[in-house]
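Chemist: please work out how this folds:
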Amino acid sequence: MVKTDTVNGFAAGYDANFTAAVSTKLFMDYMFKSKRLKQIRHLLIPTVTYMYRPDFGEEQYGFWKQVTVDTLGTKQYYSIFQNSMFGGPQQGEQNTLNFNLNNNIEAKVRQKTDTGYTYVKKTILQNLSVSGFYNFAADSFNLSNINVSARNKLFKFFDLVGNAVFNPYVYDTLYKRDVARYQYNETGQLARFTSANVAVNASFSSNLVQAAKNARKPPNMTNGAERGAEKTIADDGPMQWSLNIFYNMNITQAYIGAKPKYVQSLNFSGDINVTKYWKIGATSGYDFTNKQLSYTSVNLYRDLKCWEARIDWVPFGFRKSYSLTINLKTSMLSDLKIPRQRQWFDNF
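Modeler: The predicted model follows:
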């Protein structure tokens, strides 16, 4: 049993580190003689950051001390600030060199307009990033995992986001753990793939569709006063709708040659203004791994001028429930409500 003796007094703690960073931009242009494609520009931004922090757990700083915790002479470190409100400096030396490499690729293509031909910029790849660090203070496994992430937009509607993790060390299949040998020395590969995630998000709405239709129309040379009370796409009138779709896939692989594991899901949410005061929404999805529908809910909203009413219904699944709420719209009196509900735990 360890006896704790609290000593009252004044003690000051501090923390410090040294950081230096170097970054630059490299532009690489590729010219083409094609009538359609004129130029491709590759922007490369390498960044190197060095950070050093001494080990404030050493006894010379006085923040951490040793104490004997049993009759066998076992030693244990403790911080003199461990019971204080903010704590004190942490143990451990940090001596790392971080590296990051950002890439962006754009193209200049010819496009026909009403007045002739002009060159416009098209984004081929919004961002491709490679990052990692080397820890000089570690006694082994100095090099971190290599992280690769990318982002791009497809057809103006789809956002594509992906990231992957590569391990530079060999995996021992017998002991089922990483060993301190570089994969490059074993197989000639810089690193082995361990996991990845790919997500595709898309958003559609009545305003977006109407804006796309208007973009194809010839320009209207009249002004707003001449057109009179013409409705715009920003009008919050009836039959306004929105739809969001989310696809996600995770891939993991324990070691080279192992069978990859996939986890996929497709989720969506949307709503529609049936009238000026009625709105219907739904959220659902499909789990490809378990081959069943994911969490599903149906929501009905009614604007009652000073009041508002909501019906939230989860028709099936573990969280099967419903609730009906009528409350004042004023934020100060929103807690004044008339609830009627059946929670999911009432199913048991």
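Chemist: going forward, measure contacts and count neighbours with C-alpha atoms only.
Modeler: OK.
Chemist: tell me the spacing between L243 and V314.
Modeler: 19 Å (CA to CA, to the nearest Å).
Chemist: among those two, which residue is more densely surrounded?
Modeler: Using other CA atoms under 10 Å as the criterion, L243 and V314 rank with V314 on top: 20 against 17.
Chemist: count of neighbours near the residue nearest to the more buried one when sequence neighbours are not counted?
Modeler: Leaving aside its sequence neighbours, V314 sits nearest to S297 (CA to CA, 6 or more residues apart in numbering; 4.4 Å). Each residue near S297 was counted by other CA under 10 Å, and the total is 19.
Chemist: does F316 touch T296 like I think?
Modeler: Yes. Under the criterion of CA atoms under 8 Å, F316 makes contact with T296 at 7.5 Å.
Chemist: so for the two, which residue has more residues nearby?
Modeler: Neighbours per residue (other CA under 10 Å) separate F316 from T296, with T296 holding more: 20 against 14.
Chemist: list the contacts of the more buried one.
Modeler: T296 makes contacts with 282-285, 314-316, as judged by CA atoms under 8 Å, 6 or more residues apart in numbering.
Chemist: same thing but at 10 Å, please
Modeler: 267-269, 282-286, 313-317, 319-320 (CA atoms under 10 Å, 6 or more residues apart in numbering).
Chemist: so which residues of the stretch 151-300 of the chain form strands?
Modeler: Here the stretch 151-300 of the chain has its strands, by DSSP state E, counting those that start in this stretch, at 158-167, 169-172, 177-182, 192-205, 241-252, 261-273, 278-287, 292-293, 297-304.
Chemist: R53: which of those strands is closest?
Modeler: strand 177-182 (24.5 Å; CA to CA).
Chemist: give me the residues contacting the closest one.
Modeler: 140-143, 167-172, 188-192, 254-255.
Chemist: next: stretch 77-90.
Modeler: If you take CA under 10 Å, 6+ apart as the criterion, stretch 77-90 is touched by 6-7, 11-16, 55-59, 62-69, 91.
Chemist: mind giving me the PyMOL select for those residues, buried ones only?
Modeler: Typed into PyMOL, the line below selects the buried ones among those, using 16 or more other CA atoms under 10 Å:
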select buried, resi 55+56+57+63+64+65
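Chemist: restricted to strands, list the contacts of stretch 77-90.
Modeler: 64-68 (DSSP state E).
Chemist: between those residues, which is nearest Y262?
Modeler: W64 (46.2 Å).
Chemist: got the confidence number for the nearest residue to the closest one once chain neighbours are set aside?
Modeler: Leaving out its chain neighbours, the residue that sits closest to W64 by CA to CA, 6+ apart is S79, at 4.5 Å. Predicted confidence (pLDDT) at S79: the value is 79.
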